[in-house]
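Undergrad: here's a sequence, model it:
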Amino acid sequence: MFFDLNVPVPSPTTQAQPRSHTSKKNKAKQSVAPGQVQVAQEEVTFSPAQLAKLESRIDLLIRLGYTVVALNQIVKSKVDSKTHVNVLDPLLKQLRARQGLFLLKRLTIVLDEGSEKGNGLSAGNASLFAPYDIIALHPTSQNALANVCLTHTAPSSLATHIISLTLTAPRLPFRLKHTLVRTAVKNGAVFEIIYAGVLQGEDERRNWWASARELSRVTKGKGLIVSGGVEADTDLRAPRDVVNLVTLLGLAQNLAHEALTTTPKSLLIRAQTRKTYRAILSEPTLILPKEEPTSTAARNESLASKPMASMSEAQALLKSREDKINPDIVPVLDGSSISRTTDLPTSTVAVDEKRTDGALTNGTKRTLDSLDEDNGINGTNISNSNTAGDSQVSTKKRRRKAKAGDSA
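TA: Presented below is the predicted three-dimensional model:
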C-alpha cells in the first residue's frame, strides 16, 4: 500500500456568497452556539476542464500503484473564520467513486510574515478543521518553524501532522536544529519531501538536492515521508522510482520504502486521534466477574469437587514416580549398580577384574565387604561382564578365594 498525501487541488471558478443581510434590530437576536463558528454558506463549483484534469490524474495514480491519495487545499497566512471555505467537500461529491482507492482531505497553511500574529489554529475555529483528515503547516521562517515543532505538534484537536518545507529555494530560510526536529518527531509529526522540485529547472533542481539531503541527514530517515505535489500528469512517478530517488539522498533502502508505506500509515492513525478525547483511540471495555453460586448446597458441591480432583492428580503423579524408581537396583560406591534379584539382568561392577594367581584384587574385596555390611547381601549372584561364559559364582566363594589369595 503506497501513499501520496499531496495532490494539489485547482482553485474553484466561482464562489457565490448568498449571505442574507439582516438589519441592526435583528442582529442582536442572532446567537451562535459556543464552540461553533458562523461560516458563510458558499457554493463552490469547478469547471469541467478542471474536473477532467483531476480525474485523469487520479486514474494515473491508481495505475502507478498508489492506494491512498490526499487532496491538498492550500491556505496562505491564516485561516479566517469569515473568509475560509472548504473546497474539498464539494469537490469529492463531484468526483466519481473508485474501488480500491481512498481519498483524503488535507489542509496546508503557509506560515509567512502575516501569520506571526495568528494562524487561525485556535479552539474557537475547531469546527473549521474538523472536516479535514490531515493538517499540514508550511513554515517559512525560523520562528515559525520553532512554533510549529514545539507547540502545534502536541496532541490536541488541532495537532499538526505534516511539516512541509520549501526545498527549491536557494537556501533554507532557517536552520534545522536537532532539538526542534526530535521534538516534532517524538510528538508524532513528520517532515515532508516533495519530489516535484527535482523535476523543475536546473537551479531549482540543485537547490532541491542540497535541501533534501540536509533534511534527510537531520532526521536520519525517521519521521520522513515523500509526496508528489506535482501540477502536471507527466511529472508523476511510480512508487518504486520514488524509492530509488530517495536512496540517492543517503537513506537506506528500507527507510526509503517506509517513507511511502509505513510512516504515512502511522501518520493517518495519529490523525484520527484529533477526533477523540485526548488522543485516545481505544475505548475501555468493562469485564464483569463470573457469578458465584449463591445457594449453600451449590457452594459445598463446588468446594468438595476441587479436593477430589487434586487428590486424583496427586495419586497419578506418585504412581508415575514409583514406576520410574526401581527398588531392586542398589548403587555401588564407584557409581555403578547391582541387582538384588537373580531373574533381572544384573549391572556390571566397575572394579578391577585383573586376577593375580586366580584371585581378585584387594579393591574388589573392599567393594564386596562394603556391600555386605551396608546392604546385607548374602548369597547374591554377581555377573561379571568381562567373563566370556555365563557361569555365576556366589559371593561366599569369591570371598574365600580372595582370602586365600591374600594369605598366599
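
Undergrad: from Ile269, how far out is the residue lying closest to Val243 once chain neighbours are set aside?
TA: Nearest residue to Val243 in three dimensions, chain neighbours excluded: Ala256, at 4.7 Å (C-beta to C-beta, 6 or more residues apart in numbering). C-beta coordinates here come from the backbone N, C-alpha and C atoms, glycine included. Distance, Ala256 to Ile269, by C-beta to C-beta, to the nearest Å: 21 Å.

Undergrad: between these two, tell me which one has more neighbours.
TA: Higher neighbour count among Ala256 and Ile269: Ala256, with 22 against 11, using other C-beta atoms under 10 Å.

Undergrad: test my guess that that one contacts Leu248.
TA: No: under the criterion of C-beta atoms under 8 Å, Ala256 is not in contact with Leu248, lying 9.3 Å apart.

Undergrad: about what we covered before: and the residue nearest to Val243, what's its pLDDT?
TA: At Ala256, the model reports a pLDDT of 93.

Undergrad: got it, and Ile325?
TA: 52.

Undergrad: what's the answer for Leu236, then?
TA: Listed pLDDT for Leu236 reads 94.

Undergrad: quick one: contacts for it?
TA: Arg57, Leu60, Leu61, Leu64, Gly228, Val230 (C-beta atoms under 8 Å, 6 or more residues apart in numbering).

Undergrad: which two of those have the greatest separation?
TA: Spatial extent of those (C-beta to C-beta) is set by the pair Leu64 and Val230 at 11.9 Å.

Undergrad: can you pick out the residue with more neighbours from those two?
TA: Legend: neighbour count by other C-beta under 10 Å for Leu64 and Val230, higher for Val230 (20 against 17).

Undergrad: still on that earlier bit, among the contacts of Leu236, which are located in helices?
TA: Assignment to helices by DSSP state H places the following of those there: Arg57, Leu60, Leu61, Leu64.

Undergrad: what's near enough to touch the residue nearest to the first one when sequence neighbours are not counted?
TA: The spatial neighbour of Arg57 that comes closest, neighbours along the chain excluded (C-beta to C-beta, 6+ apart), is Asp233 at 5.4 Å. Contacts here follow C-beta under 8 Å, 6+ apart; on that basis Asp233 touches Lys53, Ser56, Arg57, Leu60.

Undergrad: highest neighbour count among those?
TA: Going by other C-beta under 10 Å, Arg57 tops the contacts of Asp233 with 19 neighbours.

Undergrad: can you tell me how far the residue nearest to Val243 is from Tyr66?
TA: Distance from Ala256 to Tyr66, by C-beta to C-beta: 16 Å.

Undergrad: kindly report the same for Ala154.
TA: Going from Ala154 to Tyr66 by C-beta to C-beta gives 31 Å.

Undergrad: equivalent analysis for Ile194, please.
TA: Using C-beta to C-beta, Ile194 is found at 15 Å from Tyr66.

Undergrad: also Leu165?
TA: Counting by C-beta to C-beta, the separation of Leu165 from Tyr66 is 22 Å.

Undergrad: any idea of the pLDDT on the nearest residue to Val230 once chain neighbours are set aside?
TA: Nearest in space to Val230, with sequence neighbours left out and distances taken as C-beta to C-beta, 6+ apart, is Ala196 at 4.4 Å. Predicted confidence (pLDDT) for Ala196: 92.

Undergrad: hang on, Ala196 in a strand?
TA: No: using DSSP: H, G, I helix; E, B strand; the rest coil, the assignment for Ala196 is helix, not a strand.

Undergrad: now do the same contact list for Arg175.
TA: Taking C-beta under 8 Å, 6+ apart, one finds Gln142 in contact with Arg175.

Undergrad: got the phi/psi numbers for it?
TA: Backbone torsions of Arg175, given as degrees, to the nearest 10, read phi -100, psi 130.

Undergrad: tell me which stretches of the stretch 51-200 of the chain form helices.
TA: Using DSSP state H, counting those that start in this stretch, the helices of the stretch 51-200 of the chain run over 88-94, 126-129, 142-147, 178-187.

Undergrad: distance to Leu71, mean neighbour count and mean pLDDT added to these, as CSV?
TA: Output for these, formatted as CSV (distance: least, C-beta to C-beta, whole Å; neighbours: other C-beta atoms under 10 Å; pLDDT from 0 to 100):
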stretch, distance to Leu71, mean neighbour count, mean pLDDT
helix 88-94, 6, 15, 92
helix 126-129, 15, 18, 88
helix 142-147, 24, 18, 90
helix 178-187, 24, 16, 92
